Every structure is written in C-alpha cells, then in structure tokens.
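Chemist: The following block contains a protein sequence and its predicted model.
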Amino acid sequence: MNKSDLIDELAKKNNLTNKQATQIIDFVFDGFTNEIKNGGRIEIRGFGSFVVREYNAYKGRNPRTGNAVEVKPKRLPFFKVGKELKEMVDGK
C-alpha cells in the first residue's frame with residue numbers, strides 16, 4: 001500500500017473527497033515528520049514506534065575502489081514493530 005492507496009481507502013470508507021482525504025493524510029505525515037525531525041518519538045499502540053537513532057562517525061571502505069572513507073556521524077529514523085503487529089504477522 002502506498003500513500004495514494006491510503007488516501008483512496010480513507011476517502012472511500014469515510015465518504016470524503018480525495019482532496020479532503022489527502023489533506024488529512026498530509027496533516028498526519030507532516031506531524032510525524034516534524035516530530036522525528038526534532039528528535040521526538042512517535043508511538044502508535046499495537047503498531048509500533050518511530051525514534052531517531054544516532055550513529056557515530058567511523059572509517060568505512062569504498063566497495064568499488066577499496067579506499068578508506070570517513071563516514072560522518074548521522075541521525076536516522078528507526079521503526080520498532082509493536083508486539084501486537086508482530087504477533088499478527090507471525091500468525092499467533
């Protein structure tokens with residue numbers, strides 16, 4: 001399922017126009033994005049949580065040339081699956 005599929009489902013199930021459904025989905029995603037960008041945490045019970053993980057700088061290797069490369073420190077979003085979703089997918 002992609003964003004447009006989600007918009008179509010929301011519009012169909014709640015008798016909304018595609019424009020209204022798009023505004024709702026954009027509002028939710030923008031809120032999530034801003035929270036993650038500011039280092040916050042998003043937790044959706046039964047689904048999972050989004051957090052920012054920080055990684056230190058390290059020396060890597062360019063796989064094509066074999067030369068050592070300095071990799072800068074970075075912050076990346078990370079998703080941790082909730083217990084209920086994990087069990088649902090696993091079929092328990």
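Modeler: Sure thing, it's come through.
Chemist: Going by C-alpha atoms from here, please, whenever you check contacts or count neighbours.
Modeler: Fine.
Chemist: Lowest-scoring secondary structure element of this protein by mean pLDDT?
Modeler: Lowest on mean pLDDT, DSSP states H and E among the helices and strands of the chain sits helix 83-90, with a mean of 92.
Chemist: which other residues reach it?
Modeler: Outside helix 83-90, the residues that touch it by C-alpha atoms under 8 Å, 6 or more residues apart in numbering are 46, 47, 48.
Chemist: List phi and psi for the last one.
Modeler: Dihedral pair for residue 48: phi 160, psi -170, per degrees, to the nearest 10.
Chemist: I figured it hits residue 78, correct?
Modeler: No: the pair residue 48 and residue 78 fails to qualify as a contact (C-alpha atoms under 8 Å) at a distance of 10.5 Å.
Chemist: can you tell me which helix in the protein is longest?
Modeler: helix 18-37 (DSSP state H).
Chemist: need the next SSE after it, C-terminal direction.
Modeler: Using DSSP states H and E, the helix or strand that directly follows helix 18-37 along the chain is strand 42-44.
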